[in-house]
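**Student:** Sequence first, then the predicted structure, then my questions.
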Amino acid sequence: MPTPSRRDILKSSAGVAAGAIIPSLGGVTPAMADSNPMAAADIVTAIRNKQVKAIDITKAAIARAEQVGDLNALIILNKDPAIAAAAEIDEWSRGQLPLAGLPIVIKDNINTADMPTSAGTPALRNARTGRTAPSLDRLLKAGVIMIGKANMHELAFGITSTNLASFAGAVKNPYDKTRIPGGSSGGTAAAIAAGIVSCGLGSDTGGSTRVPAALCGIVGLRPSVGNGGAERRYNDANLVVPISHTRDTVGPMGRTVADVALLDSVITATPLAAAVALQGKRFGIPASFWGGLDRDLETVTKAARTKLADAGAVLVDVDVPGLFELNAKVSFPVALHEPIADIPAYLKASGITDITLADIVAQIASPDVKGAFGAITADAFGAAYQDAISVHRPALQKMYEAYFRDNNLDAILFPTTVAPAPLIDAGKGSGEMSINGGAPVPTFDTMIRNTDPGSNAGLPGLSLYAGMTPAGLPVGLEIDGPVGSDPKLLGLGLSIEAILGSAPPPKL
């Protein structure tokens, strides 16, 4: 049976609920500033209203990607196919598809049928799967234009996106090119912050959409995972290069909460999230998440917290004793054991028959990732895995459930990271950092301290912009909710963003 053409797909998808998802905004100017692109909904509306062509929006995004190429945000710039797809959008589907003509980038661990999926690692550089991950497939059928695949921390095993593979390179933070953008979805975050696109896809295991969102001044969602059943919001099993089937999920990222909510609505075929008023909403403020912070970041996040209280949010000062200690019994035992089976399962499902896990490990370029895979291949956490899954993870989930229930909370509020973006360590991939001039501490463990527990419990989490440090570095504020509360979390995010604003564009 012949493979359907892009035109066939567009024509067959023309009935997707366009009007139900995208509001008619009107009055949209088609101009796109170099570092401040139009909002995703505005782009789609402008194309639908024939104020601008998809091909012109796509060419502008490609030109911007080339202009800021030194950020290493993209591994592949999908130039000619993207322009061709935009031309077909203009010819066949203007006004019929919910995301017609919207340029996006996707992290290069997410399968695409017609492009390699490298996960930023040498052994997979030219690996073609012939299959597209479902979350991306829904966006493509809705009319998005994929202009490129985003750079990332090699194999997603890191928080810096300092990829030392020769074809990828270290991703740079658009606000300070000597600093990391966060990881592992750092390329997607840098592309959005730099104004290449308004939104895109990353993936999150322990913080990989939310940490780069925080460090690059954008928004990142980790959708609900729960125990992986019906409560899992996105299901891309075996079609994203994995770390952990228990913890991994694709997640949308954007300049604003509205951009993220738009992608989430299309991926899940659910109504667009509406703003939830903050008046009377109860936010848990756990002291353990607010301790040990960089002084400048603490000033920014506490000022943001005060603004939310002034807007009517109820801040509930109650800690979760023992949460970090319990989380440690889950985190590495799961993330450093499950790849042993999950990566071969991915290779098989993706039709990659000429590459093995051993081949991937042998060619890893980044020292930090090679070290992690040394522990994986030795199954250093094998003995702890069963208790992590059957005892400690359920206990962690119950701890969160009790925290929400006993304090009548709508969400938990905390700084996404304990510090702004640290300097790039070009030698190790993930090195050490210092907070407030203190002794060096491991960058990886330090930067995921606040994002990791919610991931292990399967909760949804949303990181959004809180403000800038005096040095001009963005700071993120996160809200986590109970499993399944994603629409409400996005709605709260819309209201929080209306108070705190969006990050100013970087000066590139």
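**Tutor:** Looks like it came in fine.
**Student:** tell me the centre residue of the chain?
**Tutor:** When CA atoms, centre = their mean is applied to the chain, the residue found nearest the centroid is residue 209 (2.6 Å).
**Student:** Point to the helix or strand of the chain where mean pLDDT is at its lowest.
**Tutor:** Lowest mean confidence among the helices and strands of the chain (mean pLDDT, DSSP states H and E): helix 18-21, at a mean of 31.
**Student:** Any stretches of the stretch 251-400 of the chain with poor pLDDT?
**Tutor:** Counting by pLDDT under 70, the stretch 251-400 of the chain contains no low-confidence segment.
**Student:** now do the stretch 1-150 of the chain
**Tutor:** 1-37, 93-95.
**Student:** For it, which segments count as helices?
**Tutor:** 6-12, 18-21, 40-48, 54-67, 79-88, 134-141 (DSSP state H, counting those that start in this stretch).
**Student:** what does the longest one contact?
**Tutor:** Here helix 54-67 makes contact (CB atoms under 8 Å, 6 or more residues apart in numbering) with 30, 32, 34, 37, 43, 46-47, 73-74, 77, 79, 82-83, 85-87, 89-90, 94, 100-103, 145, 147-148, 191, 194-197. Where C-beta positions appear, they are placed from N, C-alpha and C, glycine not excepted.
**Student:** redo that, cut-off 7 Å
**Tutor:** Helix 54-67 is contacted from outside by 32, 34, 43, 47, 74, 77, 79, 82-83, 86-87, 89-90, 100-101, 103, 145, 147-148, 195-197, using CB atoms under 7 Å, 6 or more residues apart in numbering.
**Student:** and the residue lying closest to residue 172 once chain neighbours are set aside, what does it touch?
**Tutor:** Spatially, and ignoring its direct neighbours in sequence, residue 172 is nearest to residue 71 (4.8 Å; CB to CB, 6 or more residues apart in numbering). For residue 71, the contacting residues are 171-172, 174, 190, 194, taking CB under 7 Å, 6+ apart as the criterion.
**Student:** hmm, 6 Å instead?
**Tutor:** Applying CB atoms under 6 Å, 6 or more residues apart in numbering, we find residue 71 in contact with 172, 190, 194.
**Student:** Out of the residues you listed, grab the one that's most surrounded.
**Tutor:** Counting by other CB atoms under 10 Å, residue 190 has the largest number of neighbours within the contacts of residue 71, with 33 neighbours.
**Student:** in what helix or strand does that residue lie?
**Tutor:** If you go by DSSP states H and E, residue 190 is part of helix 186-193.
**Student:** after that helix comes which helix or strand?
**Tutor:** Scanning onward from helix 186-193 (DSSP H and E), the first element met is strand 199-204.
**Student:** partners of that next one, with directions?
**Tutor:** strand 103-107 (parallel), strand 249-254 (antiparallel) (DSSP bridges).
**Student:** can you give me how far stretch 169-184 is from the chain middle?
**Tutor:** Chain-centre distance of stretch 169-184: 15 Å, with CA atoms, centre = their mean, to the nearest Å.
**Student:** Show me where the protein has its strands.
**Tutor:** Along the chain, the stretches classed as strands by DSSP state E are 74-77, 103-107, 145-150, 199-204, 219-222, 249-254, 282-284, 314-316, 411-415, 432-433, 441-442, 461-468, 474-480.
**Student:** To residue 229, which of those lies closest?
**Tutor:** For those, proximity to residue 229 was assessed by CB to CB; strand 249-254 is nearest, at 13.4 Å.
**Student:** List the buried residues of that closest one.
**Tutor:** Using 16 or more other CB atoms under 10 Å as the test for burial, strand 249-254 gives 249-254.
**Student:** what's the answer for stretch 322-338, then?
**Tutor:** Counting neighbours by 16+ other CB under 10 Å, one finds that the buried residues in stretch 322-338 are 323-324, 326-338.
**Student:** now residue 354: how far from residue 213?
**Tutor:** Distance check for residue 354 against residue 213: by CB to CB, to the nearest Å, it reads 36 Å.
**Student:** actually residue 460, not the one I wrote
**Tutor:** Going from residue 460 to residue 213 by CB to CB gives 14 Å.
**Student:** who has more neighbours, the two?
**Tutor:** Neighbours were tallied for residue 460 and for residue 213 using other CB under 10 Å; the higher tally belongs to residue 213 (37 against 28).
**Student:** Let me know the pLDDT of the more buried one.
**Tutor:** On the pLDDT scale, residue 213 is placed at 99.
**Student:** how about stretch 115-134 as PDB, C-alpha atoms only?
**Tutor:** Coordinates of each C-alpha in stretch 115-134 appear next as PDB, following Å, rounded to 0.1, in the frame of the first residue of the first chain:
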ATOM      1  CA  MET A 115      13.500  11.900   9.500                       C
ATOM      2  CA  PRO A 116      16.200  10.300  11.700                       C
ATOM      3  CA  THR A 117      15.600  10.200  15.400                       C
ATOM      4  CA  SER A 118      19.100  10.500  17.000                       C
ATOM      5  CA  ALA A 119      18.400  11.300  20.700                       C
ATOM      6  CA  GLY A 120      21.600  13.300  20.300                       C
ATOM      7  CA  THR A 121      23.800  10.200  20.400                       C
ATOM      8  CA  PRO A 122      26.200   8.900  17.700                       C
ATOM      9  CA  ALA A 123      24.900   5.400  17.300                       C
ATOM     10  CA  LEU A 124      21.400   6.700  16.400                       C
ATOM     11  CA  ARG A 125      22.500   9.600  14.300                       C
ATOM     12  CA  ASN A 126      21.000   8.200  11.100                       C
ATOM     13  CA  ALA A 127      18.400   5.900  12.700                       C
ATOM     14  CA  ARG A 128      15.100   6.000  10.800                       C
ATOM     15  CA  THR A 129      12.100   4.500  12.400                       C
ATOM     16  CA  GLY A 130       9.400   4.900   9.800                       C
ATOM     17  CA  ARG A 131       6.900   5.700  12.600                       C
ATOM     18  CA  THR A 132       5.800   8.900  14.100                       C
ATOM     19  CA  ALA A 133       5.100   9.200  17.800                       C
ATOM     20  CA  PRO A 134       1.300   9.600  18.400                       C
END
